[in-house]
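Undergrad: Compute the structure for the input listed below.
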Amino acid sequence: MHSVFVNLDGAQYLAGWRPEAGSLFLPTLSDSRVGEDVAVRVGIFGQAIRATLFGKVAVVRRVGRPALPPGVELHLDKISVAAAGFLAMAARGEPVSFQERQPRWAHERSLEVAHAGATLTTTTLNLSEGGCAIRWAGQLPLVGDVVELKLGTGLFAAKARAIVCWNQPGGAVDRSVGLRIVPGGRGARAWRSLVEKVSRSGARAA
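TA: Got it, this is the predicted structure:
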């Protein structure tokens, strides 16, 4: 999966946004291939709003010209279409009260996380169907980095991929990272099952 962070001016974003098709053209990732999964953290210049969009590469333009820069057109997943719409509101200068979050629960659970060739054991702070916030010891991962979460014990435990959506330096003992689970596959299904069990356990809403 490709993962990048990109800032666009409002006009540039709106020129690439096609709400009727649920697609977005981005002047980046032109080295991608059609069908590849992509996670993009998108910001609008002059606006505080940010959103992580997931999709598949539908069109690749490797060579461009001033009016048609190189880049890719993404077919966005269902959740990302809504987030892209809020970004469009921000790009037009409209007031936005969007918060990129789903119902979540305060829950501490030990997780094994793999990142950049290293593995660490950490604890969740809260979780939702779309992702979680976890404690993080050591150097923080970058927004857009891909991590892998081991969901359970044993050699054949399910593993879910996730994208770093934010990081919080905090102090010596309260560093934290926000993750969004990459949809699709056994790992994503195992994550949803885990969250359903937590939601039924009487965990406090966060």
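
Undergrad: so what does the lowest-mean-pLDDT helix or strand in the chain touch, helix or strand wise?
TA: When each helix and strand of the chain is scored by mean pLDDT, DSSP states H and E, strand 2-8 comes last, with a mean of 84. Of the remaining helices and strands, those touching strand 2-8 by 3 or more C-beta pairs under 8 Å, 6 or more residues apart in numbering; DSSP states H and E are strand 37-44. Where C-beta positions appear, they are placed from N, C-alpha and C, glycine not excepted.

Undergrad: and the strand it packs on, how far from the chain's centre?
TA: 8 Å (C-alpha atoms, centre = their mean, to the nearest Å).

Undergrad: so the least confident helix or strand of the chain versus strand 37-44, what angle?
TA: Angle of strand 2-8 versus strand 37-44, following axes from the mean of the first three to the mean of the last three C-alpha atoms, to 10 degrees, is 20 degrees.

Undergrad: same for the following helix or strand past strand 2-8, what does it pack against?
TA: Past strand 2-8, further along toward the C-terminus, the next helix or strand under DSSP states H and E is helix 10-16. Helix 10-16 is packed against strand 23-26, strand 37-44, helix 78-91, with contacts defined by 3+ C-beta pairs under 8 Å, 6+ apart.

Undergrad: Tabulate these in JSON lines, adding columns for distance to V164, mean neighbour count and mean pLDDT.
TA: Output for the helices and strands packed on helix 10-16, formatted as JSON lines (distance: least, C-beta to C-beta, whole Å; neighbours: other C-beta atoms under 10 Å; pLDDT from 0 to 100):
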{"stretch": "strand 23-26", "distance to V164": "19", "mean neighbour count": "22", "mean pLDDT": "95"}
{"stretch": "strand 37-44", "distance to V164": "9", "mean neighbour count": "21", "mean pLDDT": "88"}
{"stretch": "helix 78-91", "distance to V164": "16", "mean neighbour count": "19", "mean pLDDT": "88"}
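
Undergrad: Save those as TSV, and put in distance to R200 too.
TA: Converted to TSV, these look like this (distance: least, C-beta to C-beta, whole Å):
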stretch	distance to R200
strand 23-26	36
strand 37-44	29
helix 78-91	22
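
Undergrad: Which one of these lies nearest to R135?
TA: strand 37-44 (21.3 Å; C-beta to C-beta).

Undergrad: Can you show me the CA trace of the closest one as PDB?
TA: Coordinates of each C-alpha in strand 37-44 appear next as PDB, following Å, rounded to 0.1, in the frame of the first residue of the first chain:
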ATOM      1  CA  ASP A  37      -4.500   0.500  -2.500                       C
ATOM      2  CA  VAL A  38      -3.600   4.000  -1.400                       C
ATOM      3  CA  ALA A  39      -3.900   5.900   1.900                       C
ATOM      4  CA  VAL A  40      -3.500   9.600   1.700                       C
ATOM      5  CA  ARG A  41      -3.500  12.100   4.500                       C
ATOM      6  CA  VAL A  42      -4.900  15.300   2.900                       C
ATOM      7  CA  GLY A  43      -4.800  18.800   4.200                       C
ATOM      8  CA  ILE A  44      -6.100  22.100   2.700                       C
END
